[in-house]
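Engineer: from the sequence below, what's the structure:
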Amino acid sequence: MHKEPSGVEAGVVARLWPRTPRSVGRARHELEAALKGWGMEDLTDPAVLVLSELFTNAVVHARVAGRDVQTRYVRTAGGVRIEVHDAGDGRPEVRAAAEDDESGRGLALVNAVAGPGRWGVGDREGVGKMVWAECGRAAD
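Structural biologist: Next up is the predicted model:
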């Protein structure tokens, strides 16, 4: 039996963050702590990578003054669902980045790490969107 991380109710961790690059690192640490508390340390590397990409996209592209970014981590039977909520109205899409492009590979990376069909974009309560991805353990 694993003890829930401090402040976690029923396998869910949710928090509002200022829309700044510094918040990305803080959110990663919070996800690491949640995974450790849930006995899912083996998912730390892929989950943190996915969170970093989704949160960074929100910081860079969801430029709505005065609006925070929300993260939500949900423990599932086989892993964790990661959600990043922001007030931006643009819908992210996977794109093919040129070799010399300095950005544009984030969602392709999320797709490669989480797997096809294990991430997406949805509506949220209020303005903006919710981008989600699921990281799970390999089936035995």
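Engineer: chain center to stretch 127-135, what's the gap?
Structural biologist: In terms of Cα atoms, centre = their mean, to the nearest Å, the centre of stretch 127-135 is found 7 Å from the chain centre.
Engineer: next one: stretch 20-40
Structural biologist: Using Cα atoms, centre = their mean, the offset of stretch 20-40 from its chain centre is 10 Å.
Engineer: contact partners of it?
Structural biologist: Stretch 20-40 has contacts (Cβ atoms under 8 Å, 6 or more residues apart in numbering) with 2-5, 8, 11, 13, 15, 17, 41, 43-44, 47-48, 51-52, 55-56, 59, 69, 71, 73, 75, 79-80, 82, 137. Glycine gets a C-beta too; all of them are placed from N, C-alpha and C.
Engineer: cutoff 6 Å now
Structural biologist: With contacts defined as Cβ atoms under 6 Å, 6 or more residues apart in numbering, stretch 20-40 is touched by 2, 4-5, 13, 17, 43-44, 47-48, 51, 55-56, 59, 71, 73, 75.
Engineer: cool, stretch 84-94 as well?
Structural biologist: Contacts for stretch 84-94 (Cβ under 6 Å, 6+ apart): 54-55, 57-58, 61-62, 64, 67, 69-71, 107-108, 111, 121, 124, 127-128, 130-131.
Engineer: take those residues and keep only those in helices.
Structural biologist: Counting by DSSP state H, the part of these found in helices is 54-55, 57-58, 61, 107-108, 111.
Engineer: what subset of the residues you listed is buried?
Structural biologist: Buried members of those, counted by 16 or more other Cβ atoms under 10 Å: 54-55, 57-58, 107, 111.
Engineer: report the helix or strand with the lowest average pLDDT across this protein.
Structural biologist: helix 106-114 (a mean of 84; mean pLDDT, DSSP states H and E).
Engineer: check which helices and strands that one sits against.
Structural biologist: Applying 3 or more Cβ pairs under 6 Å, 6 or more residues apart in numbering; DSSP states H and E, we find helix 106-114 packed against helix 44-61, strand 129-136.
Engineer: now it and helix 44-61, what's the angle there?
Structural biologist: Interaxial angle, helix 106-114 versus helix 44-61 (axes from the mean of the first three to the mean of the last three Cα atoms, to 10 degrees): 160 degrees.
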